[in-house]
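Trainee: the sequence isn't on hand, but the structure is:
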């Protein structure tokens, strides 16, 4: 399997330095820098040169998930610095109002499929209309979101079949009824395995489960069980 | 042991010790820890699901012969994988069956339960014997295993809230009323257990296990009824803070929720302390219960009781010992509920008619 990394927000919400320290301590060198709240964006971008990210073999960036239409141009401007580094930028489709602004990122822009709370971006027709507006954009497949939207995994299957050629990153966690990202559960492993063969082995996997440092190794083990042919708790 | 140990306080108050109760509590804690280790590594639960155990382990009355009743409860999106989790729980317990013997195949537990049925089907045609039993045991002897108890907490809050919704008034002047709908269901549960005891003897071959079932009905099953009654009675000591019924409800829900998460013996001990029950009754109650645990913890005596039928029991020395203890327990309950000033009028008004 390709590299497995973590979102800094999953390990240390709102504290990217601590998240990176935890990853280094655990010798994990794939990371998604998380600026889910717009207030986190500027401090994170301004700190990037001081974070020692050259150690990491994969770095991506999660754009804020909620912002005003007036803020949108400023956010896109800041994200330009990320695109210059050639890092993937993951964005929630419901946060975009002016698609033209985002086109400049080309295939570095990764559109993520959404959980069931969101009005758009949850399934094939909803994502198709977004990719129509952003034809060069890539796809970030959140397998936990897809499983929450449809526990039979039909939506997950359809998303991977339809947008598989755009796929550049996978988010993984158990997404509960309240749309919280939890430790990967026994049932989610069983569900994820059903579509695992549709995810190419070289795709970057980012764990979004909200866990403590002591749970990192068991969570990685769960990811292996979910996305590989390894037996579940053999 | 229990964080706020009312049994210990009662022992101190009356200069008494009930070693078998203490040991049963310690043994239960050990078993609960082992269960947590078994389940934890496989992430079987989430915010939407919990594993609940019932019976002697949950009551903190574990003895050498205790088996394990459990349920995988779901308060979330329907998912066919829930069945596989339930199956996996069964497999894990099967692997550890020496430590955790399987639930009685004719019993109610060892599978999935769903919040909607538990909360909505109270009374009426859809409230089957099984649904009622599951619901009331969730209130009288539940224990969530592991970190994920959110689904469990939501479900018991939902059940209590549902009972209170049906009350036309929650207040009686300065204090809360007894929640009659809940109390009636607890009474129904107790009577159902007693009726089902008789049915089991008729339907099962040769009245197997009559001896142990008879003693358990008269002690541990009856204790559930007692703790349920005392939980309901305790509401009448709770002061009203708001005139509006909807605003009165949260305080009462929280009060009942606190009680139903205490092991039954702790509920009894707390009530005895708060209601100033005299030494004679309190000590007699706990001594007889302590004696019951001593008898069923003794592997030889337990196996003797398990082998007895209704016909063979009466001549048996072990049964006579256990039966004598049951009589003492019953006499104590008679005095507690029919003679004490704090409970006799409540018993007459709410528990009989």
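Mentor: That came in fine, so what should we check first? If you're wondering where the values come from, they're calculated on a predicted model, not measured in any experiment. Numbering: from 1, shown residues only, chains lettered A, B, ... in the order given.

Trainee: what about residue A:135, which SS state?
Mentor: Classification of residue A:135 using DSSP: H, G, I helix; E, B strand; the rest coil returns coil.

Trainee: let me know how buried the residue in the stretch 101-250 of chain B that chain A sits nearest to is, in neighbour terms.
Mentor: Of all residues in the stretch 101-250 of chain B, residue B:148 sits closest to chain A, at 8.5 Å by CB to the nearest CB. Quick note: C-beta positions are derived from backbone N, CA and C, even for glycine. With neighbours defined by other CB atoms under 10 Å in any protein chain shown, the count for residue B:148 comes to 23.

Trainee: likewise residue B:329?
Mentor: Every residue meeting other CB under 10 Å relative to residue B:329 is counted, giving 22.

Trainee: quick check: closest non-adjacent residue to the spatially most central residue of chain A.
Mentor: In chain A, the C-alpha nearest the mean C-alpha coordinate belongs to residue A:171, at 4.2 Å (CA atoms, centre = their mean). Distance criterion CB to CB, 6 or more residues apart in numbering or on different chains; nearest residue to residue A:171, sequence neighbours excluded, is residue A:142 at 4.0 Å.

Trainee: so the residue of the stretch 101-250 of chain B closest to chain A makes contact with residue B:43?
Mentor: No - in this structure, residue B:148 is not within contact of residue B:43 by CB atoms under 8 Å, at 9.1 Å.

Trainee: contacts only, for the residue of the stretch 101-250 of chain B closest to chain A.
Mentor: By CB atoms under 8 Å, 6 or more residues apart in numbering or on different chains, residue B:148 lies in contact with B:45-47, B:49-50.

Trainee: switch to 10 Å and redo it
Mentor: The contact partners of residue B:148, taken as CB atoms under 10 Å, 6 or more residues apart in numbering or on different chains, are A:176, A:182-183, A:185, B:39-40, B:43-51.

Trainee: rewinding a little: before we move on, what SS does the residue nearest to the centre of chain A have?
Mentor: Assignment for residue A:171 (three-state DSSP): strand.

Trainee: show me what it is bridged to.
Mentor: residue A:142, residue A:206 (DSSP bridges).

Trainee: what does the pLDDT read for it?
Mentor: At residue A:171, the pLDDT value in this model is 98.

Trainee: hmm, it is touching residue A:88, no?
Mentor: No - using CB atoms under 10 Å, residue A:171 makes no contact with residue A:88, being 11.9 Å away.

Trainee: where do the contact lists of the two overlap?
Mentor: A:32, A:62, A:110, A:140.

Trainee: so which of these are in helices?
Mentor: The helices, defined by DSSP state H, take in nothing from the shared contacts of residue A:171 and residue A:88.

Trainee: how about stretch A:174-192 and chain B, touching?
Mentor: Yes - looking at stretch A:174-192 against chain B by CB under 10 Å from any CB of the partner chain, the contacts come from A:174-178, A:180, A:182-191.

Trainee: any idea how far that stretch is from the middle of the chain?
Mentor: Stretch A:174-192 sits 15 Å away from the centroid of its parent chain (CA atoms, centre = their mean, to the nearest Å).

Trainee: what's the answer for stretch A:6-14, then?
Mentor: Worked out by CA atoms, centre = their mean, stretch A:6-14 lies 12 Å from the chain centre.

Trainee: quick one: residues contacting the closest residue to residue B:320 other than its chain neighbours.
Mentor: Leaving out its chain neighbours, the residue that sits closest to residue B:320 by CB to CB, 6+ apart is residue B:314, at 7.8 Å. Going by CB under 10 Å, 6+ apart, residue B:314 touches B:308, B:320, B:323.

Trainee: could you pull up phi and psi at residue B:314?
Mentor: phi -60, psi -30 (degrees, to the nearest 10).

Trainee: that one and residue B:322, how far apart?
Mentor: As judged by CB to CB, to the nearest Å, residue B:314 and residue B:322 stand 12 Å apart.

Trainee: anything in contact with each of those two?
Mentor: In contact with both residue B:314 and residue B:322: residue B:308, using CB under 10 Å, 6+ apart.

Trainee: can you list residues touching both of residue B:148 and residue B:43?
Mentor: Residues touching both residue B:148 and residue B:43 (CB under 10 Å, 6+ apart) are A:182-183, A:185.

Trainee: in strands, which of the residues you listed fall?
Mentor: residue A:182 (DSSP state E).

Trainee: out of the shared contacts of residue B:148 and residue B:43, who has the most neighbours?
Mentor: Counting neighbours by other CB under 10 Å, the top entry in the shared contacts of residue B:148 and residue B:43 is residue A:185, with 25 neighbours.

Trainee: tell me who's in contact with that residue.
Mentor: Residue A:185 sits next to A:173-174, A:176, A:191, A:209, A:222, B:42-49, B:81, B:85, B:148 when contact means CB under 10 Å, 6+ apart.

Trainee: where in the chain is pLDDT low?
Mentor: Going with chain A. Scanning chain A for pLDDT under 70 picks out A:1-2, A:229-234.

Trainee: please go with chain B instead
Mentor: Using pLDDT under 70, chain B drops low at B:1-3, B:103-109, B:204-207.

Trainee: quick one, longest helix in it?
Mentor: Looking across chain B with DSSP H, the single longest helix is helix B:180-203.

Trainee: which neighbouring elements make contact with it?
Mentor: When contacts are defined as 3 or more CB pairs under 10 Å, 6 or more residues apart in numbering or on different chains; DSSP states H and E, helix B:180-203 sits against helix B:129-140, helix B:150-165, helix B:210-216, helix B:222-234.

Trainee: which of these sits closest to residue B:242?
Mentor: Proximity to residue B:242 (CB to CB) singles out helix B:150-165 among the helices and strands packed on helix B:180-203, at 14.1 Å.

Trainee: name the residues of chain A found near chain B, please.
Mentor: Neighbours of chain B within chain A, by CB under 10 Å from any CB: A:116, A:147-153, A:174-178, A:180, A:182-191, A:194, A:209, A:215, A:218-219, A:221-222, A:232-233.
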